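> Provided below for reference: sequence and predicted model.
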Amino acid sequence: MTASTPKTLAFVHRFEPGANRPPLLLLHGTGGDESDLLPLGRAVAPGAALVSPRGPVLENGMPRFFRRLSEGVFDEDDVRRRAKDLADFVADARAAYGLPAPVALGFSNGANIAAALLMLHPGVLAGAVLLRPMLPLAQPPAFDLTGLPLLMLSGAQDPIVPEANARALAERFRGSGARVEHGVLPVGHGLSQADVTTAEAWLAGLAI
């Protein structure tokens with residue numbers, strides 16, 4: 001599928017039109033860009049519209065969606081600011097392209113900004129697939145995600161995301177009323193074919 005010419009919005013992004021299923025908001029990991037997750041989006045949700053922004057923060061030249069102070073230690077003020085910016089971008093992209101609320105598909109840093117978006121702006125997404133996420137905020141505000149479908153996929157050998165951190169995130173989402181499926185795959189931090197297969201099956205079963 002050929003990407004259409006993107007509208008002028010706050011985030012540099014790619015857009016691929018689609019129909020008949022919820023659009024995907026693709027959120028890359030550190031060092032990725034707006035093209036990085038397009039093949040994954042096509043693989044897990046064939047025919048879906050794809051909106052893929054580039055993270056606006058640079059860390060040693062690598063795009064990210066928010067600043068961090070060190071590995072696994074986030075600048076939480078920046079997380080809040082960037083989540084608001086991303087929520088505004090989603091609203092603008094929906095208006096520009098005539099889209100319903102998207103399902104986020106985020107990897108690593110992209111999964112973490114998606115988690116922050118869910119916590120801070122819970123009406124923006126219709127669901128989310130979070131690949132290798134961790135808690136983006138130590139003390140998030142109360143939020144309500146009643147009935148929202150969420151898939152989290154963690155890696156049993158992930159050297160970056162502690163198992164307890166991922167479990168705590170899943171429990172935080174369950175406590176908000178979300179319908180959470182949390183799978184732990186026998187992999188590390190990188191993406192695997194099991195992520196693709198699991199995400200594709202889960203997205204195909206969504207009733208949104």
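Sure, I can see it. No experiment lies behind these values; they were computed from the predicted model shown.
> next secondary structure element downstream of the longest helix along the chain?
Taking DSSP state H as the criterion, the chain has its longest helix at helix 76-97. For helix 76-97, the succeeding helix or strand toward the C-terminus, using DSSP states H and E, is strand 103-107.
> in its sheet, what does that following strand sit against?
Within its sheet, strand 103-107 is paired with strand 24-27 (parallel), strand 127-131 (parallel), according to DSSP bridges.
> can you redo these as JSON lines with distance to Pro17 and mean pLDDT?
C-beta coordinates here come from the backbone N, C-alpha and C atoms, glycine included. What follows is the strands paired with strand 103-107, written out as JSON lines (distance: least, C-beta to C-beta, whole Å; pLDDT from 0 to 100):
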{"stretch": "strand 24-27", "distance to Pro17": "12", "mean pLDDT": "98"}
{"stretch": "strand 127-131", "distance to Pro17": "20", "mean pLDDT": "98"}
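> winner for burial among those strands?
strand 24-27 (a mean of 30; mean count of other C-beta atoms under 10 Å).
> what's the following helix or strand after it?
Using DSSP H and E, the first helix or strand after strand 24-27 is helix 38-44.
> restricting to C-alpha, output that next one in PDB.
Presented in PDB, the C-alpha positions along helix 38-44 are these (Å, rounded to 0.1, in the frame of the first residue of the first chain):
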ATOM      1  CA  LEU A  38       4.800   0.500   9.000                       C
ATOM      2  CA  PRO A  39       5.700  -3.100   8.000                       C
ATOM      3  CA  LEU A  40       4.600  -4.300  11.500                       C
ATOM      4  CA  GLY A  41       1.300  -2.400  11.200                       C
ATOM      5  CA  ARG A  42       0.600  -3.900   7.800                       C
ATOM      6  CA  ALA A  43       1.400  -7.400   9.100                       C
ATOM      7  CA  VAL A  44      -0.700  -7.300  12.200                       C
END
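> can you give me the buried ones in it?
Of all the residues in helix 38-44, those buried under the rule 16 or more other C-beta atoms under 10 Å are Leu38, Leu40, Gly41, Arg42, Val44.
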